[in-house]
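next input, structure requested:
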Amino acid sequence: IEVHAAITMQKIWRRLRVQLQYVNYVSSAVKIQSLVRKKAAETNYHRVMMGVISLQSVARGIGVRRKHGIEVHAAITMQKIWRRLRVQLQYINYMSSAVKIQ
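Model (predicted):
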């Protein structure tokens, strides 16, 4: 009976030791998988953020160029109006001088 009890205790002890090893292996595997997934997620996040930043810079550039175009158009329009008024005043002066000469 003592030998049988000793064998049973050894079986139980071996089984517990193997179960603990298995739990440690599984825990280690889960940690490794978690780190790999974390690194993949970080890489993907940085790739997406760089795309977003590039898209924002392109959009801002388009906005600035469009605004600049509007400002240039407004400046050209103001110059055109000023030149026209100047020419009209010169014409009026010319015509009034012509009338005075007659």
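
quick one, phi/psi of Glu42?
In terms of degrees, to the nearest 10, the main-chain angles of Glu42 are phi -60, psi -40.

and it, how far from Tyr91?
Per Cβ to Cβ, to the nearest Å, Glu42 is found 73 Å from Tyr91. Quick note: C-beta positions are derived from backbone N, CA and C, even for glycine.

ditto for Gln10
120 Å.

now do Ile62
Applying Cβ to Cβ, the value for Ile62 to Tyr91 is 43 Å.

cool, and Gly61?
According to Cβ to Cβ, Gly61 and Tyr91 sit 44 Å apart.

equivalent analysis for Lys100, please.
Lys100 is 15 Å from Tyr91, where distance means Cβ to Cβ.

go on, Ile101?
With the distance defined as Cβ to Cβ, Ile101 ends up 16 Å from Tyr91.

and for Lys11?
Computed with Cβ to Cβ, the distance linking Lys11 and Tyr91 is 118 Å.

likewise Lys38?
Note on Lys38: its distance to Tyr91, by Cβ to Cβ, is 79 Å.

ditto for Ser34
Between Ser34 and Tyr91 the computed distance is 84 Å (Cβ to Cβ).

can you check Thr77 too?
Look at Thr77 and Tyr91: by Cβ to Cβ, they are 21 Å apart.

one more: Asn44?
Noted for Asn44: a distance of 70 Å to Tyr91, by Cβ to Cβ.

repeat for Glu71
Taken as Cβ to Cβ, the spacing of Glu71 relative to Tyr91 amounts to 31 Å.

can you check Arg37 too?
Here the distance between Arg37 and Tyr91 works out to 80 Å (Cβ to Cβ).
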